[in-house]
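Chemist: sequence-free structure coming up:
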């Protein structure tokens, strides 16, 4: 009798629970399908349309006022940063505060960047192009469409509470990675960017988790919380160089072009030459320094990778070459193994 009387209540509770689970799974299913990409149809964009889209994304990063927190994930590493960006009559102003680990803060006015190092009460000052997230391009969008195919999805996604348009950028060869982006539907600001390996697995990603735009951005957020005005200022020392004239023969991977060649003074007070290459999206840096047995023997030889960043180190003549960039390790290995150093001939003595 007790069992008989209890059965209707048990069945009712079970049915109610089942309906709740179905509703929950239905709700979650929509969110998960959206987060994982779902089965939305991708449409390839013509070169002109893709170039225009990439240009709008880049312009949004430079010309809009925005503030928020974004997370950067590389393998098991997850790091959060607070970003404030505003434009006034003097150009771009930006403050980037790293929220995890050692305190670091970057203050940028156009291409002038100050890195605040609180534990040393030091300001590192240098000039650098604005290529941080949510910036995207390192060169001309026309260069990108020669070596990548750009696709767009019609179904909107949602990042940081805002609807965005999913864009996939697939490489046309194995010398570079692919990318998956989500750009704001209203203003084209990049809200999320993922770097993809050959199997379309995510090896690195950065995404806004909170975001304010336009009039909601308070200009006072550009002010540093550190009293850095009296800190020691260290100016980065750089000068243009010509590596070819110095005897270096460095093969440039297809699609990459030279961005800069400079000599830098690094921590061990020796001059290090740096060549920067880019295909418009990815960048490669080649560092060349005099070989030091004690220092360079502790550095990894050959190829290794951390997230999307590949590194290849090797000795060439009396120099140590380190190539690094967000490209497959095979691209750097081919570059490093094909690099040659041919000392320039001494000038002929002047005949009297």
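Modeler: Here it is on my side, so go on. Note that this is a predicted model, so its numbers are computed, not measured.
Chemist: can you give me the strands for the stretch 51-200 of the chain?
Modeler: Listed in chain order, the strands of the stretch 51-200 of the chain (DSSP state E, counting those that start in this stretch) span residues 66-74, 77-88, 91-98, 104-109, 112-117, 122-127, 148-153, 157-159, 162-171, 178-184, 190-196.
Chemist: Going by neighbour count, list what's buried in the second one.
Modeler: Taking 16 or more other CB atoms under 10 Å as the neighbour-count basis, strand 77-88 is seen to contain the buried residues 81, 82, 83, 84, 85, 86. For the C-beta atoms, the positions are set from N, CA and C on the backbone; glycine is no exception.
Chemist: Kindly report the same for the third one.
Modeler: Along strand 91-98, the positions that meet the burial threshold by neighbour count (16+ other CB under 10 Å) are 92, 93, 94, 95, 96, 97.
Chemist: how's the chain carved up into domains?
Modeler: Per the TED database, the structural domains of the chain span 42-222, 236-341.
Chemist: mean confidence for stretch 177-194?
Modeler: Averaged across stretch 177-194, the pLDDT comes to 97.
Chemist: Surely residue 73 touches residue 209?
Modeler: No - using CB atoms under 8 Å, residue 73 is not in contact with residue 209, being 11.4 Å away.
Chemist: burial count for the nearest residue to residue 78 once chain neighbours are set aside?
Modeler: Counting by CB to CB, 6 or more residues apart in numbering, residue 78 lies nearest to residue 71, which is 6.0 Å off, once chain neighbours are set aside. Look at residue 71: counted by other CB atoms under 10 Å, it has 16 neighbours.
Chemist: repeat for residue 227
Modeler: For residue 227, the neighbour count with other CB under 10 Å is 9.
Chemist: next one: phi and psi at it?
Modeler: phi -80, psi 70 (degrees, to the nearest 10).
Chemist: Tell me how far the residue lying closest to residue 104 once chain neighbours are set aside lies from residue 209.
Modeler: Nearest residue to residue 104, sequence neighbours excluded (CB to CB, 6+ apart): residue 98, at 4.3 Å. Distance, residue 98 to residue 209, using CB to CB, to the nearest Å: 15 Å.
Chemist: Show the contacting residues for the closest residue to residue 214 other than its chain neighbours.
Modeler: Spatial nearest neighbour of residue 214, excluding adjacent residues (CB to CB, 6+ apart): residue 65 at 5.7 Å. By CB atoms under 8 Å, 6 or more residues apart in numbering, residue 65 lies in contact with 85, 86, 87, 213, 214, 215, 217.
Chemist: List the backbone torsions phi and psi for residue 65.
Modeler: phi -90, psi 130.
Chemist: can you check residue 231 too?
Modeler: According to degrees, to the nearest 10, residue 231 has phi -80, psi 160.
Chemist: please renumber so the chain begins at 6
Modeler: All set: I'll call the first residue 6, so the last point we hit is now residue 236.
Chemist: ok, how many other residues are close to it?
Modeler: Each residue near residue 236 was counted by other CB under 10 Å, and the total is 16.
Chemist: so what's it closest to, chain neighbours aside?
Modeler: Spatial nearest neighbour of residue 236, excluding adjacent residues (CB to CB, 6+ apart): residue 126 at 4.5 Å.
Chemist: next one: residue 205
Modeler: Using CB to CB, 6+ apart and skipping the chain neighbours, the partner closest in space to residue 205 is residue 183 (6.9 Å).
Chemist: ok, that neighbour - contacts?
Modeler: With CB under 8 Å, 6+ apart, residue 183 has these contacts: 153, 173, 174, 175, 176, 200, 201, 202, 205.
Chemist: so residue 340, which of the three states?
Modeler: Recorded secondary structure, residue 340: helix (DSSP: H, G, I helix; E, B strand; the rest coil).
Chemist: Next, count neighbours for the closest residue to it other than its chain neighbours.
Modeler: Spatial nearest neighbour of residue 340, excluding adjacent residues (CB to CB, 6+ apart): residue 328 at 5.6 Å. By the criterion of other CB under 10 Å, residue 328 has 27 neighbours.
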